[in-house]
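Asks: Mind folding the following:
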Amino acid sequence: MRIEIPELCVVALVGVSSSGKSTFSKTHFKSTEVLSSDYFRALLSDDENNQTVTSKAFETLYYVASKRLELGKLTVIDATNVQKHARAGVLRIAREQNCLSAAIVLDIPEKIIKERNAARPDRNLNWNIIARQSGELRKSVKQLQKEGFRHVYILSGEGEVANAEIVRVPLWNNKKEETGPFDIIGDIHGCFDELCELLIKLNYQVDFKSFTVNHPEGRKPVFLGDLCDRGPKNIEVLRLVMNMVKSGGAWCIAGNHDVKLLKKLNGKNVQLTHGLDITVQQMESQSLDFVQEVKTFLDNLISHYVFDGGKLVVSHAGLKEEYHGRSSGRVREFCLYGETTGETDEYGLPIRFPWANEYRGNALVVYGHIPNPDAQIINNTACIDTGCVFGGSLSAYRYPEKEIVRVKSKKEYYASLKPFNKISSSYDDMLNIEDVTGQRFLNTRLCQSIKIDAENSAAALELMSRFAVDPHWLIYLPPTMSPCETSKHPDYLEYPKEAFDYYKTRGTGKVICEQKHMGSRAVIVICKNSESAAKRFSVTDDSFGVIYTRTGRPFFDKSNCDEWQTENTILTRLKNALSSSLFWEDFNTDWVCIDAELMPWSAKAASLLKDQYAPAGRSGRVSLSMSVNAIENAAKTLENSQITVSAPKAQSVDLNMLLNKFRKREEALALYTDAYRRYCWDVKTTDDYRIAPFHILATEGKVWNTENHITHMERIKKYMAGNESDPLFIATNYREIDLLDENSAASGIKWWEELTASGGEGMVVKPFDFIAYKGLQALQPAVKCRGREYLRIIYGPEYLLGGNLERLKKRSLNKKRNLAQNEFALGMEALERFVKKDPLYRVHECVFGILALESEPVDPRL
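Replies: Below you'll find the predicted structure:
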């Protein structure tokens, strides 16, 4: 016998003891798929025959079964299941998990049962028990389908059991093998002319006489239901869609209006409201054959489809993740009507739960049912009912392109109960606290399973909620940067040779050395205009860009009118530079994300200079000057008095040596003061700032991490920091170094020595390619090599004196490097998700990850 069971279901094996259920299950199912009552009795009590724990055993069995079904795993219940109350537990978990249920009955003659029972020394049951089970089985067989089992198979005798073949069949909603491309069309409601116009706009060839449609590239429409009611040409819509589905050229799912129409055609007593009267009136003039064809078509429409390996789900009113690919009355109800509170608004319309706000599924859900003037795209869901019949438009969602194509309605065919132009979305695309709290593991393309600890998540949440820019703009944060290995050179803590060796020993033969600017890291996200910003970033304040720090804080305080004006001026000048250089046209984009350095450092670190560096320099200069004077006076006094000091040897003081030591300290402090002063200059107008972009990170449809760093530098010079560009934006000096050429490497070291000798901070060494690998492991995106004088700011004025340098050379870089690699992976992942138009929460979980990692305890001097 061929036994067909759904690929996802709960299977109850039904049969008396010794009927061979366990042997049957081992033959036809995986061992992990079978949950045996005997096994669970043994699991709890070490004895599979211990009937006193049967209740607890089944409680545990059903719990495990429920978890398996929750994960989409077929589950077999191996128990006698001859009693109705025993089978009720199986049906209960099927309902709870929105799965179908199947019963396979093993009806074995009593003679064979007796023989098998006698041959089981571990369990020789009293015959009265088996006879009672046999009687219950006979009573049960005829009731199984009435009880709720969708599939029932009865195997009579050993022969049928031995020859049984189990075939797993896909659910009707499982069309995962259909990969598209698709054009998903929203609620039509009898708007035939607009449907034809939309199909033609999508490049379909429409024959209006035969009602046939095809696409030269093999695309298929997917209709989201509500084909009829309210509109003028319901019959034409039905003929067109039915022919397309019948020919295999389209898919269609049921809408609530379609279900109501079917009830009416089947003679049920339904109210002719919400436009159903229009459809019924038009149907009355049609032939009985056509009416029967419509009834059959509507009756065969299912609640939802799962396409493209599970990446796409289509449903009339949307679908929560836990319902994807499931089959139950509850699922169908959600697909048709959505989820409501049971209350109505002032127009008498149901108040709906905004399920899409909480949606976190990997599958894209495209649906209709809820009319809005514009398509609502949120959290990997798209509601594309744009109210054509109410005078709005008819929309199609192109998959996998993720584009909306629509045509305007020719007129308002039906008045909406709620004024259509006043309908506003209840959706919110902001991050939920559950998305970032607790311990998390984030998977990225460059680095698998990055661990975010709970306490670090809490720190990131504090920063994001209190200090960050509008999260709509926050699509990227730059990574921290590790210094090069500690130098073996006796006079240097950091030296280019170690930076070069890091990449050379890992198989990278070419690097780019970029001058390290004396400023603060800044991320600039800017759009062509405020309309583009509203469309792509969902900002509502008429802004067209933002400048923020590497921790997501506003670079300029918008509560301060002067600073707000400064940011607006900088962004306007950058936008003008991009426009005049034809950047928007050449990159085919309306927005860009730029990584840059904003100078002077004092513009952002004024409080740090005022409260830390300047006081240390001032007090140090005064105290050391006084100390030097005191020692000099003491030396002169001692010399003039010609007094011989007789003191124990341990207390004798060489004033010349002490004076030399304090003079060196005084000189070191002067160098320290000079070092931080180089980062400071007065900023009175916008012209006093300088911005050095060094990465064009992303534009519409593209993350530019596949381009090498030379390309980035050349494009920045062409479009932002060229000779004819605004002097506010400057190009970064750089050198291309061939590490396999000793002369080239030596020239890189010499360039660094010249930069740092003239007061420069140092340089950043990057692999030639934006992302470099050793095997499958991504290397450091960059390492910094800082100059001797600059490092006084970091390690203190006297870090080169008195053995301090030798002690500092014992520093460890492993944790810093791990952080840099993980933060880089998260940053790239955030941009890639944003460019792919993933839900904003998916972008933000990466950004939050970077903020969380920033609170890791790492030596801040590195």
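Asks: Number of residues surrounding residue 441?
Replies: Residues within reach of residue 441, counting by other CB atoms under 10 Å, total 10. Any C-beta I mention is one placed from the backbone N, CA and C, and that applies to glycine too.
Asks: How much space separates the closest residue to it other than its chain neighbours from residue 442?
Replies: In space, and not counting its chain neighbours, residue 441 is closest to residue 449: 4.9 Å by CB to CB, 6 or more residues apart in numbering. Noted for residue 449: a distance of 8 Å to residue 442, by CB to CB, to the nearest Å.
Asks: In terms of neighbours, single out the busier of these two.
Replies: The residue with more neighbours, out of residue 449 and residue 442, is residue 442; 20 against 8, by other CB under 10 Å.
Asks: any idea of the mean pLDDT in stretch 111-129?
Replies: Stretch 111-129 shows a mean pLDDT of 70.
Asks: Low-confidence ranges, the chain, go.
Replies: The chain contains residues with pLDDT under 70 at 119-127, 421-431, 604-607, 642-652, 722-725.
Asks: Looking at it, which helix is longest?
Replies: Longest helix of the chain, by residue count under DSSP state H: helix 614-641.
Asks: could you say what helices and strands the helix or strand just after that one packs with?
Replies: Counting by DSSP states H and E, the next helix or strand C-terminal to helix 614-641 is helix 655-677. Where contact means 3 or more CB pairs under 8 Å, 6 or more residues apart in numbering; DSSP states H and E, helix 655-677 is packed against helix 614-641, helix 791-795.
Asks: Residue 130: helix or strand, and which one exactly?
Replies: According to DSSP H and E, residue 130 maps onto helix 127-141.
Asks: residue ranges of the strands in the stretch 401-550 of the chain, please?
Replies: 403-408, 440-442, 450-452, 482-483, 510-515, 520-527, 545-548 (DSSP state E, counting those that start in this stretch).
Asks: Run a quick neighbour tally on residue 401.
Replies: Close neighbours of residue 401, defined as other CB under 10 Å, add up to 12.
Asks: Check the one 3 residues further on too.
Replies: Under the neighbour criterion other CB under 10 Å, residue 404 is assigned a count of 17.
Asks: what's the spacing between it and residue 312?
Replies: With CB to CB as the criterion, residue 404 and residue 312 are 15 Å apart.
Asks: and if you look at residue 561?
Replies: Remark: distance between residue 561 and residue 312 (CB to CB) = 49 Å.
Asks: Tell me which of these two has more neighbours.
Replies: In this view residue 561 and residue 312 are compared by other CB under 10 Å, and residue 312 has more residues nearby, 24 against 9.
Asks: quick one: the more buried one and residue 362 touch, right?
Replies: No: if you go by CB atoms under 8 Å, residue 312 and residue 362 don't touch, sitting 10.6 Å apart.
Asks: backbone phi and psi for residue 814, please?
Replies: phi -60, psi -50 (degrees, to the nearest 10).
Asks: For it, give its distance to residue 478.
Replies: In terms of CB to CB, residue 814 sits 21 Å off from residue 478.
Asks: Between the two, tell me which one has more neighbours.
Replies: Higher neighbour count among residue 814 and residue 478: residue 478, with 20 against 8, using other CB under 10 Å.
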